[in-house]
Every structure is written in structure tokens, then in C-alpha cells.
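K.L.:
could you work out the structure for the sequence below:
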Amino acid sequence: MRMWHRLTLLFTLLLASLTQAQEDTSRQPRAEDLREILSARAYGMGGAWRALGIGAESGTGNPAALAAFRSYRIELTGSWDWVGKDAFGMVALADSSTSALAAGVSYQLISLGKGVDRATGHLNTVALAIPFGDSLMVGVSSRYLLMRGARQANAITGDAGIIFRPAPIISLGVSAHNLIGTGNAELTRYYTAHAGVFAGLLTLAADVRADFETNNRTTLTYSGGLEYLFGQSFPVRAGYTWDGFTRSSQLGVGIGLLTPGGGIDIAYRHDIGGENGRLVAVTLKVQVQ
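P.N.:
Numbering: from 1, shown residues only. Model (predicted):
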């Protein structure tokens, strides 16, 4: 009986420790949250967007992509996940038309979590890019994050990237993010490699993201997407992501309306597994070439 009592006590303590560990893990900051604040076009293409350089939010991905196309762009994006109760808002401006040096600024408002786990963040990015001929672009950005609530952050870091275009229809890039160590779990260092192909009315894109710090292991996330333009004005998009953090899939679809001076994009992202998120995003944009 004494032996049985000891085994029962040991099992109870072990179960309690596992339960506590699970609760602690669920409350740990998720670094990937801040990597998924995208425009509606990017959501629709499954998160594959860093090589394209078309949107004003390019400076928040690979900053070198700001110099890929000569234009002046303003975008306003809002998105809402009604399952996870996460909300994002973004205002972005990019200018690569008035000088050789391209520049972009963005402000992102982030609201994450439920109840006592709720957190609100403000992420500000300033990015610069310079082209070397028509084939090579180099860019850097500085980012400041202020977060309050259940998750705390007050830190400055930076990104850098390169875009190589061996042909007008091909864009290849690499980027490094959060290069300035902050000791903050929201701003862990990660790296990306990405490619885009512009084949007439069809655009194809792929991204691979590697994180070697979060959870003390290598985490890879893969994204791929496409966009087809009907009638020069109606883009239709679809994409897929394998999320290495949640070990789940995400499907994205989107549509848009393009006008000579801007347009509107609408997207929906559906999580399969993981957090089972259901997100809708809308982007309004103005563009002058």
C-alpha cells in the first residue's frame, strides 16, 4: 500500500507539472505573430510577397524591394481574425519615383489575444533602398516596437535585404530580420529567401523563412502563391503556407480591383489546424507612376 501511495503521489505531481508547463507554453509570446502583418494582396497569395516589391508595405518585408518599381504608393490595410480575436491595422507609404533612393515608412497597430492575455502593439518601420543598375537592389530598415498588456516590448532593431533581377520577369531575394539583438521574444532574428516571376498577366511567388532562435530549434515556414489579372483590372489570387511554428497549413484567397490611380484588395485566410484562425483583410491603395 505504501508503494502504491508513493506511485500515485508521483503520478499526480508529474501530471500537475505537465499541466503547468502547458499553461506556461500557451502564455509564451509568439514571435511569429509580428511576421504575419500583411496587406490583403499578400494574404491572398499565401504570404509569398517579399520578392515582388509592388506594395507600399514592401519595406516591412525585404526593404530592397522598395526600389523594384518606380512609383509613389500609399496603402491602408485592416484585418481581423474572428476566431483568435487578433486585429491588425497598417498605414504604409513608399516612394521610388522622385529620386534614385527609394524610401518607405509604415505604422502597424497590433491587437493580439483574448481576455487577460490581450496585448496591444505599435510597430513603426522606416526603410531605404538603392538600386545598382536594373539588376541589383540593396535595402535596410529600422523598426521600433512598443507593446503593452500581457506581452511587453520596447525595443529598436533593424532588417537588411538584397533583390537580384537577372531578367525583367524574375526577382530573387534574401533578407535578414531583427539583426540588432534586443533580448525580446517578439523580435527574434530570422532569415528569408524568396522568388517572384512576372509572366505577363500571371505572377508567381515563393518564400522560405528560417528561424534558428525561437524555442531553441530551427523553424521553417514555406509559402507559395499566384496572381492572375483578368481584363487588366481584376486580380484573382490564391496561396498556401506551411507554418513551422504551429505545424499547420494556411490557405489564402483574394480578389481585387485595379484602377489607374489605385484600387482595393480583399483577402481571406483559413487555418487548417494550429489556431484554426479565420482572417479577412482589406487594403485600399493609391499609386502614382
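K.L.:
drop to CA atoms for contacts and neighbour counts, all remaining ones
P.N.:
Will do.
K.L.:
how near is residue 236 to residue 254?
P.N.:
6 Å (Cα to Cα, to the nearest Å).
K.L.:
which of those two has more neighbours?
P.N.:
Neighbour count, other Cα atoms under 10 Å: between residue 236 and residue 254, residue 254 has more, with 25 against 22.
K.L.:
what's the helix or strand for that one?
P.N.:
Residue 254 is part of strand 248-259 when elements are defined by DSSP states H and E.
K.L.:
what mean pLDDT does that strand have?
P.N.:
Taken as a whole, strand 248-259 carries a mean pLDDT of 95.
K.L.:
now the next helix or strand after that strand, how far from the centre of its chain.
P.N.:
Next helix or strand after strand 248-259 toward the C-terminus (DSSP H and E): strand 262-272. Centroid separation for strand 262-272 versus its chain: 14 Å, with Cα atoms, centre = their mean, to the nearest Å.
K.L.:
and the closest residue to residue 57 other than its chain neighbours, what element?
P.N.:
Computed as Cα to Cα, 6 or more residues apart in numbering, the closest residue to residue 57 that is not its neighbour in sequence is residue 92, at 5.7 Å. Using DSSP H and E, residue 92 falls within strand 86-95.
K.L.:
what comes into contact with the following helix or strand past that strand?
P.N.:
Sequence-wise, the next helix or strand downstream of strand 86-95 (DSSP H and E) is strand 102-112. Contacts with strand 102-112, where a contact means Cα atoms under 8 Å, 6 or more residues apart in numbering, come from 37, 56-60, 66-67, 84-96, 118-130.
K.L.:
could you rerun that using 7 Å?
P.N.:
59, 66-67, 85-96, 118-130 (Cα atoms under 7 Å, 6 or more residues apart in numbering).
K.L.:
that one pairs with which strands?
P.N.:
strand 86-95 (antiparallel), strand 119-132 (antiparallel) (DSSP bridges).
K.L.:
any idea which of the ones you listed gets closest to residue 46?
P.N.:
Taking Cα to Cα, strand 86-95 is the member of the strands paired with strand 102-112 nearest to residue 46, at 16.9 Å.
K.L.:
would you map the helices across this protein?
P.N.:
Remark: helices assigned in the chain by DSSP state H are 2-26, 40-44.
K.L.:
worst average pLDDT in those?
P.N.:
Among these, helix 2-26 carries the lowest mean pLDDT (a mean of 41).
K.L.:
coming back round to it: for PyMOL, write a command that selects the buried ones of the contacts of strand 102-112.
P.N.:
In PyMOL, a selection of the buried entries from the contacts of strand 102-112 looks like this (16 or more other Cα atoms under 10 Å):
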select buried, resi 59+66+67+85+86+87+88+89+90+91+92+93+94+95+96+119+120+121+122+123+124+125+126+127+128+129+130
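K.L.:
how much space between residue 230 and residue 202?
P.N.:
In this view, residue 230 and residue 202 are 10 Å apart by Cα to Cα.
K.L.:
of these two, who's got more company?
P.N.:
Between residue 230 and residue 202, counted using other Cα under 10 Å, the more crowded position is residue 202 (15 against 12).
K.L.:
give me the nearest residue to that one, chain neighbours excluded.
P.N.:
Leaving aside its sequence neighbours, residue 202 sits nearest to residue 228 (Cα to Cα, 6+ apart; 4.6 Å).
K.L.:
tell me what that neighbour is bridged to.
P.N.:
residue 202, residue 236.
K.L.:
tell me the contacts of it?
P.N.:
Contacts of residue 228 (Cα under 7 Å, 6+ apart): 201, 202, 203, 235, 236, 237.
K.L.:
report the contact partners of the closest residue to the last one other than its chain neighbours.
P.N.:
Distance criterion Cα to Cα, 6+ apart; nearest residue to residue 237, sequence neighbours excluded, is residue 227 at 4.4 Å. Shown in contact with residue 227 (Cα under 7 Å, 6+ apart): 202, 203, 204, 235, 236, 237, 238.
K.L.:
which of those are buried?
P.N.:
Neighbour counting with 16+ other Cα under 10 Å marks 203, 204, 235, 236, 237, 238 as buried within the contacts of residue 227.
K.L.:
run a quick neighbour tally on the nearest residue to the second one once chain neighbours are set aside.
P.N.:
Of all residues not flanking residue 204 in the chain, residue 226 sits nearest, at 4.5 Å (Cα to Cα, 6+ apart). Residues near residue 226, counting by other Cα under 10 Å, number 24.
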